[in-house]
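J.: model the following, please.
(chains A and B)
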Amino acid sequence: MASGSKYKKYLEGKKDYVALVKVSSKDYEKTNVELIRYFTEEENIPGIYVTLNKAFDIVKERLTENSVDTRVIIFIDAVVKRSKNDVSKTEDCLFIGSPEKLSDISIAMDQAVKALPGKDKFVFFDSLSTLLLYNNPTSVARFIHFLSNKIRSWGVKGIIISLRREKDKELIEELLQFCDIQIDA
Amino acid sequence: MVNIVFNEALISFATAIIGIISLILSLRARYKLSEGTFKSYVSYYIGCLLLLVGFALWKTTQSIFQLTSFKYIYTEYAFLAFTFMVFALTSRKIFLMSKEFGFSEKTKKIKQILQQKKSGR
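T.: Below is the predicted model:
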């Protein structure tokens, strides 16, 4: 649990916030697992994992391997298209089909947050960098602004993961104004 | 008689104007949305609105030109039937969306797990 506590100093005691976590591609997976473990094991709260980067099966497998209880997480997968329909669903995951479908991602997140029990919840958005591959920087900036406002209005703990890349530096600097906490993982 | 015809035409025209404003707002909303389920739902909704605006315009024309023969009355019913068919398709779309985007069945399960975890600590 020691590794999960690494984020305690940044996140402990805070009720609701938007945190932008900048991570190197080398530490990306480890950071994701540690943050999710921190929320599900240390804070014992349910949450939403929005994956734009890796398929749900892989993310779930990786988390389970690292003893993270994925039963308290609702997954939203915007990578895999499972059927010819726009959207499909299993018990644990909603498959949006593409990271370009920002409207569907927003609706899915809104519904998932409201479905989670209790007051304390988290939203984990993985990742800003992938969003930039499929959408133009203006749309991404607008979406993150919308997302940070939504996270505040939902009163949840929001984590936005971003790879530490030179080409995204400018946008990240711009997006920092919408975030309450900046973590360099 | 002239008064009734005038009133009917006026009401139909006013309804059509409200419909056109709704249509413009919906089209603008659709333009802003990214591709996906929600956008396709808005498209269905716009289809319904189009038919309703068409119906209101048809009623206005009918009142002004006194089109009261059976042929025109049947046209009116056909229009209404078609509008309801598109409404039925839109409702089906909402139903599918609720199945896809609804997570309420997961709520109970997560609640139980969290309680188990709490009592186990």
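J.: can we go C-alpha only for contacts and neighbour counts from here?
T.: Noted.
J.: ok, the most centrally placed residue in chain A to chain B distance?
T.: When CA atoms, centre = their mean is applied to chain A, the residue found nearest the centroid is A:Phe125 (1.7 Å). For A:Phe125, the distance to chain B (CA to the nearest CA, to the nearest Å) stands at 18 Å.
J.: what residues does chain B put near chain A?
T.: Counting by CA under 8 Å from any CA of the partner chain, the positions of chain B adjacent to chain A are B:33-39, B:100-104, B:106-108, B:110-111, B:113-114.
J.: give the ChimeraX command for selecting the buried subset of those residues.
T.: What follows is the ChimeraX syntax for the buried subset of these, where burial is set by 16 or more other CA atoms under 10 Å in any protein chain shown:
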select /B:33,34,35,36,37,38,39,100,101,102,103,106,107,110,111,114
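J.: lowest average confidence, helix or strand, in chain B?
T.: helix B:104-120 (a mean of 83; mean pLDDT, DSSP states H and E).
J.: related to what we said a few turns ago, helix/strand/coil for the residue nearest to the centre of chain A?
T.: Secondary structure of A:Phe125, reduced to three states by DSSP: H, G, I helix; E, B strand; the rest coil: strand.
J.: endpoints of stretch A:124-136, how far apart?
T.: As for stretch A:124-136, its first-to-last residue distance stands at 22 Å under the measure CA to CA, to the nearest Å.
J.: just give the number of residues close to A:Glu166.
T.: Using other CA atoms under 10 Å in any protein chain shown, A:Glu166 is surrounded by 8 other residues.
J.: name the residues of stretch B:73-81 that are buried.
T.: Buried residues in stretch B:73-81, defined by neighbour count with 16+ other CA under 10 Å: B:76, B:79.
J.: please work out which residues outside that stretch touch it.
T.: Outside stretch B:73-81, the residues that touch it by CA atoms under 8 Å, 6 or more residues apart in numbering or on different chains are B:51, B:55, B:58.
J.: just put these in a markdown table and tack on secondary structure and neighbour count.
T.: Listed next are the contacts of stretch B:73-81 as a markdown table, based on DSSP: H, G, I helix; E, B strand; the rest coil; neighbours: other CA atoms under 10 Å in any protein chain shown:
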| residue | secondary structure | neighbour count |
| --- | --- | --- |
| B:Leu51 | helix | 19 |
| B:Phe55 | helix | 20 |
| B:Trp58 | helix | 19 |
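J.: coming back round to it: what is the least confident helix or strand of chain B packed up against?
T.: Helix B:104-120 makes packing contacts with helix A:102-115 when contacts are defined by 3 or more CA pairs under 8 Å, 6 or more residues apart in numbering or on different chains; DSSP states H and E.
J.: got the angle between the helix it packs on and helix B:104-120?
T.: 50 degrees (axes from the mean of the first three to the mean of the last three CA atoms, to 10 degrees).
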